[in-house]
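Participant: I'd like to go over a predicted model; first the sequence, then the structure.
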Amino acid sequence: MRIGAHISIAGGVSKSVGRAKAAGCEAVQIFSGNPRGWKVKPFDPEELKMFHLLCQQEDIRPVIVHAPYLINLSAPDETIYRKSMIAFRNELERADQLGADGFVIHVGHHLGEGKEAGIRKMAESLRESIENIPELKTRILLENTAGEGTSLGHRFEYIAEIMERSGVGEKLYLCFDTCHGYAAGYDIATVRGLDETMEEIDRLIGLDRLRVVHFNDTKFGLSTRRDRHEHIGQGKMGLAGMRRIARYPALQDKTFILETPKDTPESDLRNIALLKSFRLPEKDITEL
Ligand SMILES: [Zn+2]
Ligand SMILES: [Zn+2]
C-alpha cells in the first residue's frame, strides 16, 4: 500500500511535490489544471521536467491525476458534451505528460435523460475517446460517486455495465471512494458490509481492476447520497471502520489517496499519519 493525498498545484505542478512530501505522502493526486474551468494552458516544458525530477528525487509515486469536475461524458446537451469530449482527451494527454499512473474521472450525470440513456452515452463516449488512441501509460479509472442528483456512478453494476458496453473495458479501471460508497448505501463501516461490498466489486468488475482507493470518512450517514468528506475517524464510518477498510486483505496492494478536508496546514499531515498507523506490518501482510 502506498499512501498519498490530493495536493494543490498552486504556482505550478512541480510545487505539488514538495507539498506532498511535507505532508508525509508517498504517492500524490493532483489536478493537471483548473478543476472548475474548460481552458487549460499547455505545460511549460521546464515545469514538466521539474515535476518529473522532483517526483523521482522524493520518491513520490504513483502520480494520479483527477479530471476536472466540468467533464460530463453523459451530457445530453450537445455543447457540453463536445466540450467534455475535447477536455477528456486533452486531460488524458496531460496526465500522460505528467507520467501519471492513473487518470480518475467520475461517471457522468444523465441530467434527466434517464439511467439507460446515460449509461449508453457514457459507454459510447469512452469507446470513441479511447478506441483509437495509441497505448497510454496512464490508466483510466472510473470513480464511484455518492449518487447525488442524476449521477450514474453510485452503483457498481452501472459502472460494470458502462465498462462492458464501451467495448474498451480492458482499458478501464476502478477508483473506489469510501465516502461516496458509504453515502451511496454500501455499508463498508461494518465487517459484513465491507465483505459484501468487496465481493460485489470483485464479481461485477474485479478487484484486480481496482487500483486506487480514495480513503475518506464521511460527514453524512449511510445511503444519504450526500458527498461530504470528513477527516479520518471523525465521520460516520469512524476510526474502527476506517481502520478495518485500510487493513482489508484485498486492498493491501492498492494506492490510498486522502481527499479529506484541509482545515489547517496540518490536516493532511495528521490524516496521513493516522492512515500510516493503520498499515499492517510487512510480516502480517505476507500472512494474509
Ligand atoms: Zn473524485
Ligand atoms: Zn474521490
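Facilitator: Structure received. Ligands and ions are numbered 1, 2, ... in the order given.
Participant: C-alpha from now on. contacts and neighbour counts both.
Facilitator: Will do.
Participant: Using CSV, write out the CA atom coordinates for stretch 63-71.
Facilitator: Coordinates of each C-alpha in stretch 63-71 appear next as CSV, following Å, rounded to 0.1, in the frame of the first residue of the first chain:
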residue,chain,number,x,y,z
VAL,A,63,1.1,10.1,-9.6
ILE,A,64,-2.7,10.1,-10.0
VAL,A,65,-4.4,12.9,-12.0
HIS,A,66,-8.1,13.8,-11.2
ALA,A,67,-10.2,15.0,-14.0
PRO,A,68,-11.8,18.5,-13.8
TYR,A,69,-15.4,18.5,-12.5
LEU,A,70,-16.9,20.0,-15.6
ILE,A,71,-16.4,17.0,-17.8
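Participant: and that stretch, which residues are buried?
Facilitator: For stretch 63-71, the buried set under the neighbour-count rule, 16 or more other CA atoms under 10 Å, comprises 63-68, 70-71.
Participant: Could you identify the most distant pair in these?
Facilitator: Within these, two members stand farthest from each other by CA to CA: 63 and 70, at 21.5 Å.
Participant: shaky segments in the protein?
Facilitator: 282-288 (pLDDT under 70).
Participant: quick one: contacts for residue 221?
Facilitator: 182-183, 236 (CA atoms under 8 Å, 6 or more residues apart in numbering).
Participant: Now name the helix or strand holding it.
Facilitator: Assigned by DSSP states H and E, residue 221 belongs to neither a helix nor a strand.
Participant: For this structure, which segments count as strands?
Facilitator: Taking DSSP state E as the test, the strands found in the chain are 2-6, 27-31, 63-66, 102-106, 139-143, 172-177, 210-214, 217-218, 229-230, 255-258.
Participant: my guess is residue 178 meets residue 222, correct?
Facilitator: No: Residue 178 is not in contact with residue 222 according to CA atoms under 8 Å; the separation is 11.2 Å.
Participant: Looking at the two, which is more packed in?
Facilitator: Set residue 178 next to residue 222 and count neighbours by other CA atoms under 10 Å: residue 178 wins out with 26 against 20.
Participant: Of the strands of the chain, flag the one that's most buried.
Facilitator: Comparing the strands of the chain by mean neighbour count (mean count of other CA atoms under 10 Å), strand 217-218 ranks first with a mean of 28.
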